[in-house]
Each structure stands twice: as structure tokens, then as C-alpha cells.
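# Give me a 3D structure for the following:
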Amino acid sequence: MRRCWSCLVGLTLAAASVQAQGLRDKISELFIFSAGKDPLFLGGTAGSDSATALHADHFIPAARSENGTLISFISNAISGNVANLPVSATSGGSTFRFEGGVPVRTSVSAGPVFAERAQTLGRGRVFVGANVNRMHFEALRGVSLNGIEMTFTHQNVTGPACDSIVGSSCTPYGVPTHENDVIALRLALDLDMTVTSFFVSFGLLDKVDIGVVLPIVSASLRGTSNAQIIPFGGTTAQHFFGGTSINPVLSTSRFVDGSATGVGDIAVRAKVTVTQSDRSTFALLGDVRFPTGSEADLLGSGHVAARGLGILSARFGAFSPHTNIGYLFESGPLQNNAVLATVGFDHLMAPWATLAVDVVSQLQVGESKLRLPGAVTYGAPFVRTIDVTNIPNQRDDQINGSLGFKFITGSGVTLVGNTLWPLDRGGLRPNVLWTAGLEYNF
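Numbering: from 1, shown residues only. This next block holds a predicted model:
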């Protein structure tokens, strides 16, 4: 028993250690070029003579807030994606209603994969399963994660002390001349995520289902940053990573990697059939995701999210179309609420095989809360404008195509395979999301 307690304490301490050095912190480290210092702090300049020592802080977020916004955008965009991880459908396989105590089948196919159908399971019936979603993220707002470009600009230094040194007003951006120096950074990120979801739904009543989803999330990150200070003319550098003003080191790079595995954001949900006929069914679904996953390790969103859906399903022989329309509420300060719309069908190709096709969309309400700083305009020595990144300022609407199959085995277990791929350029996206799973209905 004592040995068991020792192991438990050790695992707890290890988990706390991992938590203290989360993957979000790893992203921030790509912008830290001096150990123990702020992002963009120029350690080489700080260690030089008194004439240039004051230049070490001119790019840090505390001095230039736009630089801080640019850095935080990357980690916020990645962590915000966790809130959009797909959740499996609440029902699959056979669904029933009871008429005079006799079960009457209300579906013929095994159902969709990520869309919802309106039919409930039937009182006392249970739907259980597990699936694995695998994704390698490739692009952020259409820009390759291997080619993110950022330009960090200098603080606009003003005040009497600066005026007396320059001999004129320092108010225009670009006075003194070394305010035109920039740090050009190229970022390459390799981000993988695997989500293994265990789910169960129970037919509480003939027209009411309840369920829960437990996701186990595994994330891995590798990142490289290559930074170059670009002086604006002159033969003596005022900003450098190392060396001296006569022989400066103007380039450097950082590399980070890390991984984390743990419980993601647990979801609970309920579905209620409102109307039902032989040909069509209409239902309402509500679910809530709780922030049980570690936000610091990119395993959870860090906030509560809730969605409500109206679901319309129809049946024409072996062909079963469905439409889901709803609303997503995000309580996080940097996540937008969204309108949800899914349209598709599942088709019984054989008694043991179902084809599922959907277009799944999430359309943001209002302008994206994840904003990038705008272009920077210099007033001296001549007027010019530079863009600070190749990532566009745009809405993060997400529209995906989904194609999958379900195969019923002789034991009654359903095998699931699905691919989901992006049809637009919003947000952080993989080229394809792969899904494999098992379902059982009894």
C-alpha cells in the first residue's frame, strides 16, 4: 500500500511538472532569444557598452504592444482550435419507437458520423462506441505552418531626452533613424493531435436520449524560429543578438519540442424528438462541453462551450437525408459564437454497409476576436508602410466536407471509417482529418 501511495504521489508531481511547462509555453519560447528574459529581448545589446545598452528592450511586448499581439495570436489560434474538435453523433445503428409496447424501427441505416439524425434510440436502448481522430495541422488561415512570416517593429521612443540627443522632435515614427530597424522572423510549426473519444448514449424515454463523451487528447509540437535583425542603413548596429556594435550578431534561431496527453473537454448532451412520422422526424439537441482539459497543454479550450441544434431527418427507402441548424456559444474571451449548419445524407448500400456524406460548417458571428496588428507606417526618413505578417486578418469560418462508411459485422459491432477535409481557409486546419472507430447498439 505504501508503495502504491508513493507511485501516486510521484505521478501527481510529474503531472504538475508537465503542467508548469505546457505546450503553450513552448510556443512562447520560440520568441525568447535570451534565457530568462522577455520575448524579443536583445541580450547581446544589453551586455554591450552603455551607449547601446538601452536598446535591449525596444522590441519587447511591454514596449511595443503590437509585437505582443503578434506573438499571442499564434498560441491563441492553436489553443482555440481545441474548442472545434469534432464530436461523434449521438446515435447510430438501429433506432426504435414503441407502439403498444411493440418496438417499431425508425431507421434502416447505421447513421451519419459527425452529423446528427433526429431519431432517438428508443427507451432503454444504449449506444456505445469509441473513435480515434488523427490530424496533422498544415495551415493557419491558408498560410503554411512551415512558412509563417512575422516582422517585429521598434518602439516609438519619444520625450525630451530623445529630443535633446537627436536635436529635433522624436515624435514622428522613424526618428531617430534606428527606429526603422526590424526583426524579421520565420516560423515553422509541426503540430499533431490525436483525439480518442469514448461515448455512450442512453434512451431515457421513447423520445429522449442522454449521453456523455470522454475525449483523451494527445498533442505533440515541434517548432523552429529563425530571426534576423535588419538594420536601417548605417555602419554601426544599435540592435543585435550578440557581439558588438562594430561586429554584431544579427541572426539567431530557436527550436522547441514537447508533447502532452490527458483528458480533454468532457461533453454531456441530450436529444428530444419533437415530431415524428413514417417519412420525417424533427428533434432538438443540446450539449455542453466543460473545460476539463488542460488549456496550458493544448488539451482543452479552457472555457465552457454549449450548442443547440434543430435536426430534421427524412427517409426515402434506403436514402436518409438530414439537416442540422444551430448555434454555438463560446464563453472564452477570444472565441466567437457561431452559427452551425450541416447538410448531408446516409445511404444504406447493403444490409451491412452505410455511406455517410456531409458538409459541416461553423460560421462565426461578427468579426473574429483573434485580430492581428495592422500594417506599420513610418514617417521618417521617408513615408513607407510594411506588413507585419503574411497571415491575413479574416474571419475563421470553417466549412468541411465529410465522407465515411459504416460496416456492420456479424457480431453486431459497427466499424467506422471517415475522412473530413477543409473546403475553405479559415482557422487552423489539417489537410485531412482521419477517423476510425467502433460502435455498438443494444
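
# what's the helix or strand for T261?
Using DSSP states H and E, T261 sits in strand 251-263.

# same for that strand, what does it pack against?
Secondary-structure packing of strand 251-263 (3 or more Cβ pairs under 8 Å, 6 or more residues apart in numbering; DSSP states H and E): helix 23-29, strand 208-230. The C-beta positions use only the backbone N, C-alpha and C, and glycine is treated the same way.

# and these as CSV, adding mean pLDDT, mean neighbour count and distance to M135?
As requested, the helices and strands packed on strand 251-263 are exported to CSV (pLDDT from 0 to 100; neighbours: other Cβ atoms under 10 Å; distance: least, Cβ to Cβ, whole Å):
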stretch, mean pLDDT, mean neighbour count, distance to M135
helix 23-29, 91, 20, 15
strand 208-230, 95, 19, 10
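
# so which of those gets nearest V166?
strand 208-230 (21.3 Å; Cβ to Cβ).

# What strands line up against the closest one, and which way round?
Applying DSSP bridges, strand 208-230 is found paired with strand 182-205 (antiparallel), strand 251-263 (antiparallel), strand 267-276 (antiparallel).

# what's next to the last one, contact-wise?
Under the contact criterion Cβ atoms under 8 Å, 6 or more residues apart in numbering, strand 267-276 has outside partners 87, 90-91, 97, 106, 116, 118-120, 206-213, 215, 281-290, 311.

# swap the cut-off to 6 Å and go again
With Cβ atoms under 6 Å, 6 or more residues apart in numbering as the test, strand 267-276 has contacts from 87, 90, 120, 207-213, 282-289.

# Same question for it: list its buried residues.
Residues of strand 267-276 classed as buried under the neighbour-count rule (16 or more other Cβ atoms under 10 Å) are A267, R269, A270, K271, V272, T273, Q276.

# same check, this time on stretch 281-295
T281, F282, A283, L285, D287, R289, P291, G293, S294, E295.

# Give me the helices and strands touching the helix or strand the fifth one falls within, please.
Remark: D287 resides in strand 280-289, with elements defined by DSSP H and E. In terms of contacts (3 or more Cβ pairs under 6 Å, 6 or more residues apart in numbering; DSSP states H and E), strand 280-289 is packed against strand 267-276, strand 305-314.

# Let me know the average pLDDT across the first one.
When pLDDT is averaged over strand 267-276, the result is 95.

# From the rest of the structure, what touches stretch 328-338?
Stretch 328-338 is contacted from outside by 76, 80, 83, 303-307, 340, 362-365, 369-370, using Cβ under 6 Å, 6+ apart.

# quick one: the helices in the protein?
2-20, 23-29, 43-46, 65-81, 160-166 (DSSP state H).

# then the last one to CSV, C-alphas only?
Provided in CSV are the C-alpha atoms of helix 160-166 (Å, rounded to 0.1, in the frame of the first residue of the first chain):
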residue,chain,number,x,y,z
PRO,A,160,12.7,65.4,-24.0
ALA,A,161,15.7,63.1,-23.5
CYS,A,162,15.3,61.7,-27.0
ASP,A,163,14.7,65.2,-28.5
SER,A,164,17.9,66.5,-26.9
ILE,A,165,20.0,63.6,-28.3
VAL,A,166,18.6,63.8,-31.8
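
# if we can go back for a sec, got the helices and strands packed on strand 251-263 as a markdown table, with distance to D192 columns?
As requested, these are exported to a markdown table (distance: least, Cβ to Cβ, whole Å):
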| stretch | distance to D192 |
| --- | --- |
| helix 23-29 | 11 |
| strand 208-230 | 5 |
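
# which residues touch the residue most central in space within the chain?
For the chain, the residue sitting closest to the mean C-alpha position, by Cα atoms, centre = their mean, is N81 at 1.2 Å. N81 makes contact with L428, according to Cβ under 6 Å, 6+ apart.
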